[in-house]
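Chemist: sequence unavailable; structure follows:
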């Protein structure tokens with residue numbers, strides 16, 4: 001049962017990098033969703049019929065299978081950002097995106113839209129604002145719950161968050177049962193450099209929450225020499241949007257490197273690809289990030305036992 005009660009007020013981030021209390025007087029009916037987290041979180045909440053434009057997914061292939069049918073029904077889908085005039089012409093009543101979405105060179109400030117009666121919401125995890133260690137998962141939970149309030153799907157949002165929290169609890173329990181903390185590195189290959197996802201990232205937060213020993217938790221880079229010395233039990237390699245579909249080629253940069261053949265993860269062929277959509281401002285797809293990380297740390301866990309299928313029915 002959907003309970004309808006408005007107005008509703010949300011404390012949220014705006015273009016000026018400050019929190020504001022924004023009031024929503026009705027359920028949005030003409031939503032523009034920018035980037036994968038926005039689109040899939042709305043689909044998971046069951047309001048796909050209200051999305052008039054979905055911007056920023058390179059291919060429907062990357063939409064979670066459970067949301068693909070709803071995604072294909074969205075009237076306008078593109079990687080290209082429309083200009084402000086085109087958006088205004090299509091009369092949206094809510095725009096959901098990242099901090100960069102509301103920059104001068106894209107859609108303009110949130111004030112521009114709010115002053116025209118069009119509500120906006122910025123995913124806080126897309127902003128570079130300061131955070132405390134361990135806040136990253138909670139940030140994604142609040143994002144899902146905030147959007148649930150805005151689109152009048154609070155109960156569903158709370159249930160989705162609960163499922164993700166259950167994933168985390170399950171992984172933590174399995175880690176305790178194992179009795180040893182696997183050592184972990186999460187990196188992105190940038191040419192000859194290796195960028196680390198440390199404890200001040202969502203991926204690092206997940207690893208620590210489910211019982212992994214995150215190596216170099218305060219570092220932002222690691223050398224190939226350090227990688228050999230550390231010799232982690234588990235290695236995750238982040239795959240960015242431009243490399244989706246090229247996971248094997250990216251992982252082979254490590255597997256086929258003659259200098260890295262002594263690594264345990266190379267010998268065991270156990271390096272795990274970690275798509276960016278699951279660990280950077282992921283919204284509902286944080287469930288995939290948790291799943292990949294837990295299964296990487298504790299490979300004896302079956303996917304069916306870990307991942308409770310999300311309910312996407314209205």
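Modeler: Looks like it came in fine. Everything numeric here is computed off the predicted structure, so don't read it as measured data. Numbers count the residues shown, from 1 in each chain.

Chemist: rest of the way, CA atoms for contacts and neighbours
Modeler: Will do.

Chemist: who's in contact with residue 204?
Modeler: Shown in contact with residue 204 (CA atoms under 8 Å, 6 or more residues apart in numbering): 186, 197, 198, 214, 217.

Chemist: between those, which sits nearest residue 75?
Modeler: Here the nearest of these to residue 75, counting by CA to CA, is residue 197; it sits at 36.4 Å.

Chemist: so what does the closest one have for phi and psi?
Modeler: phi -100, psi 100 (degrees, to the nearest 10).

Chemist: check whether it really touches residue 186, as I assumed.
Modeler: Yes: under the criterion of CA atoms under 8 Å, residue 197 makes contact with residue 186 at 5.4 Å.

Chemist: intersection of neighbour lists for the two?
Modeler: In contact with both residue 197 and residue 186: 203, 204, using CA under 8 Å, 6+ apart.

Chemist: from the chain's centroid, how far away is the helix or strand encompassing residue 208?
Modeler: Using DSSP states H and E, residue 208 sits within helix 202-209. The chain centre lies 13 Å from the centre of helix 202-209; the measure is CA atoms, centre = their mean, to the nearest Å.

Chemist: if we can go back for a sec, now the contacts of residue 204 in JSON lines, with distance to residue 127?
Modeler: Output for these, formatted as JSON lines (distance: CA to CA, whole Å):
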{"residue": "186", "distance to residue 127": "21"}
{"residue": "197", "distance to residue 127": "16"}
{"residue": "198", "distance to residue 127": "17"}
{"residue": "214", "distance to residue 127": "24"}
{"residue": "217", "distance to residue 127": "21"}
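
Chemist: name the residue closest to the centre of this protein, please.
Modeler: residue 282 (1.1 Å; CA atoms, centre = their mean).

Chemist: quick check: closest non-adjacent residue to it.
Modeler: residue 37 (4.9 Å; CA to CA, 6 or more residues apart in numbering).

Chemist: the one you found is in contact with residue 287, isn't it?
Modeler: No: between residue 37 and residue 287 there is no contact under CA under 8 Å: 11.6 Å.

Chemist: neighbour count: those two, which is higher?
Modeler: Ranked by neighbour count (other CA atoms under 10 Å), residue 37 and residue 287 place residue 37 first, with 27 against 23.

Chemist: which ones are touching the more buried one?
Modeler: 277, 281, 282, 283, 284, 285.

Chemist: go with 7 Å
Modeler: Contacts here follow CA atoms under 7 Å, 6 or more residues apart in numbering; on that basis residue 37 touches 281, 282, 283, 284, 285.

Chemist: do the same with residue 271
Modeler: Contacts of residue 271 (CA under 7 Å, 6+ apart): 234, 235, 236, 265.

Chemist: hmm, 8 Å instead?
Modeler: By CA under 8 Å, 6+ apart, the neighbours of residue 271 are 234, 235, 236, 237, 251, 265.

Chemist: out of the residues you listed, what pair is the most spread apart?
Modeler: 234 and 251 (13.4 Å).

Chemist: just the buried positions in the strand or helix carrying residue 251, please.
Modeler: Residue 251 belongs to helix 247-255 when assigned by DSSP H and E. Residues of helix 247-255 classed as buried: 247, 250, 251, 254, 255 (neighbour count, 16 or more other CA atoms under 10 Å).

Chemist: how far off centre is the following helix or strand past that helix?
Modeler: Counting by DSSP H and E, the next helix or strand C-terminal to helix 247-255 is helix 264-267. Helix 264-267 has its average C-alpha position 28 Å from the chain's average C-alpha position, going by CA atoms, centre = their mean.
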